[in-house]
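Peer 1: Turn this into a model:
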Amino acid sequence: MGLSAYTLWGLLPLYFMAVAPAGPVEIVAGRILFSLLFCALLITLTRSWPAIRTAFRNKAVSGTLALAAVLIGINWLTYTYGVTSGQAVEASLGYFINPLVSVLLGVIILKERLRPLQWVAVGISFVAVGILTFSYGKLPWIALTLAFSFGFYGFLKKRVGPRVDALTSLSVETAVLAPLAAITMIILAVNGTATLATNGAGHFWILAASGVITAVPLLLFGASARRLPMTTIGLLQYIAPLLQFIVALVVFHEAMPAERWIGFCVVWLALILLTVDMVLAARRNAISRRADAAAVVA
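Peer 2: Predicted coordinates:
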């Protein structure tokens with residue numbers, strides 16, 4: 001389930017190619033509305049409406065999810081714009097940087113203390129951003145917006161914790177964004193720039209499939225996250241940006257000059273160090289738990 005979720009996310013750029021000539025704004029607005037419809041169907045089938053009502057009644061939960069909805073909306077729009085404007089490589093970079101941003105947020109917001117390897121990884125990531133800024137001739141704002149929006153989104157989702165399952169969370173988030181998405185679709189239709197109903201039945205159903213394409217990976221991820229250790233999830237998360245990177249090079253034929261390769265290699269070095277630290281920490285914790293258990297038995 002974890003492999004399936006991250007593979008689907010990694011191949012998402014191919015879907016944006018399939019829905020052309022729809023623009024990023026229409027794609028995201030449609031994604032929100034059709035995701036809400038698909039979630040409503042799943043909630044009805046699973047008889048989960050009480051969980052939705054409970055989430056909305058809890059002001060702490062609904063408020064946190066509303067803020068998370070804004071962040072994921074920004075994330076979706078930025079990512080869609082990046083892919084459809086020929087900048088899928090930079091978009092993949094955002095999700096490579098994301099684990100490093102999450103570590104940084106832990107220090108700044110949660111006042112966590114970093115281990116030496118984590119400090120080295122974060123420092124290397126700043127060097128990488130500098131190299132890539134030189135390569136692009138500008139700050140890689142698409143990558144940084146994706147990394148920070150998804151980093152803060154993940155932080156908020158952790159605050160909600162196990163009180164809200166993946167389906168309920170997605171339903172509340174899309175419900176919050178749905179009014180704005182509906183207004184956007186109406187404005188596009190009035191201006192004559194909407195493609196949903198003007199490019200044939202095939203195009204309509206491909207856009208409508210965005211609800212399934214959005215919800216299914218999230219549900220698979222939610223199910224896998226409950227069954228896998230965090231170390232495994234941490235390793236799996238690199239699958240999506242790696243696939244996005246490959247698609248950008250092989251399918252979209254985006255340029256990768258030498259200095260950009262250097263920047264990406266520096267990012268990957270930081271991720272390797274972060275992964276090594278994560279695996280070592282997991283092993284130390286496992287040894288410590290076994291020692292504590294043995295002490296209790298003794």
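Peer 1: mind saving the C-alpha coords of the lowest-mean-pLDDT helix or strand in the chain as PDB?
Peer 2: Taking mean pLDDT, DSSP states H and E as the measure, the helix or strand of the chain with the lowest value is helix 230-236, at a mean of 76. Presented in PDB, the C-alpha positions along helix 230-236 are these (Å, rounded to 0.1, in the frame of the first residue of the first chain):
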ATOM      1  CA  MET A 230       8.300   5.500  10.600                       C
ATOM      2  CA  THR A 231      11.700   4.500   9.300                       C
ATOM      3  CA  THR A 232      10.100   2.600   6.500                       C
ATOM      4  CA  ILE A 233       7.800   5.400   5.700                       C
ATOM      5  CA  GLY A 234      10.800   7.800   5.700                       C
ATOM      6  CA  LEU A 235      12.500   5.700   3.100                       C
ATOM      7  CA  LEU A 236       9.400   5.200   0.900                       C
END
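Peer 1: So which elements touch it?
Peer 2: With contacts taken as 3 or more C-beta pairs under 8 Å, 6 or more residues apart in numbering; DSSP states H and E, helix 230-236 sits against helix 2-10, helix 210-225, helix 258-297. Bear in mind the C-beta positions are built from the backbone N, C-alpha and C, glycine included.
Peer 1: Contacts made by it with the rest, please.
Peer 2: For helix 230-236, the surrounding residues in contact (C-beta atoms under 8 Å, 6 or more residues apart in numbering) are 2-3, 6, 99, 224-225, 228, 275, 278-279, 282.
Peer 1: does residue 81 really touch residue 142, like I thought?
Peer 2: Yes - with contact defined as C-beta atoms under 8 Å, residue 81 reaches residue 142; the gap is 7.4 Å.
Peer 1: Compare these two (neighbour count), which wins?
Peer 2: In this view residue 81 and residue 142 are compared by other C-beta atoms under 10 Å, and residue 142 has more residues nearby, 22 against 19.
Peer 1: so what's the more buried one up against?
Peer 2: 78, 81-82, 87, 90-91, 94.
Peer 1: Quick one: the helices in the stretch 1-150 of the chain, in order.
Peer 2: Taking DSSP state H, counting those that start in this stretch as the test, the helices found in the stretch 1-150 of the chain are 2-10, 12-18, 24-46, 49-57, 59-84, 88-108, 116-136, 141-160.
Peer 1: The ones you listed: which one's closest to residue 286?
Peer 2: helix 116-136 (18.0 Å; C-beta to C-beta).
Peer 1: tell me the angle that closest one makes with helix 88-108.
Peer 2: 140 degrees (axes from the mean of the first three to the mean of the last three C-alpha atoms, to 10 degrees).
Peer 1: buried ones in helix 116-136?
Peer 2: For helix 116-136, burial by neighbour count (16 or more other C-beta atoms under 10 Å) applies to 117-118, 120-122, 124-125, 128-129, 131-132, 135-136.
Peer 1: ok so, going back, now the helices and strands packed on helix 230-236 as a markdown table including mean pLDDT?
Peer 2: Putting the helices and strands packed on helix 230-236 into a markdown table (pLDDT from 0 to 100) gives the following:
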| stretch | mean pLDDT |
| --- | --- |
| helix 2-10 | 92 |
| helix 210-225 | 85 |
| helix 258-297 | 82 |
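Peer 1: Residue 195: which of the helices of the stretch 1-150 of the chain is closest?
Peer 2: helix 24-46 (6.4 Å).
Peer 1: Buried residues of that closest one, list them for me.
Peer 2: 24-36, 38-40, 42-43.
Peer 1: So which elements touch that helix?
Peer 2: Checking 3+ C-beta pairs under 8 Å, 6+ apart, helix 24-46 ends up next to helix 59-84, helix 166-191, helix 200-208, helix 210-225.
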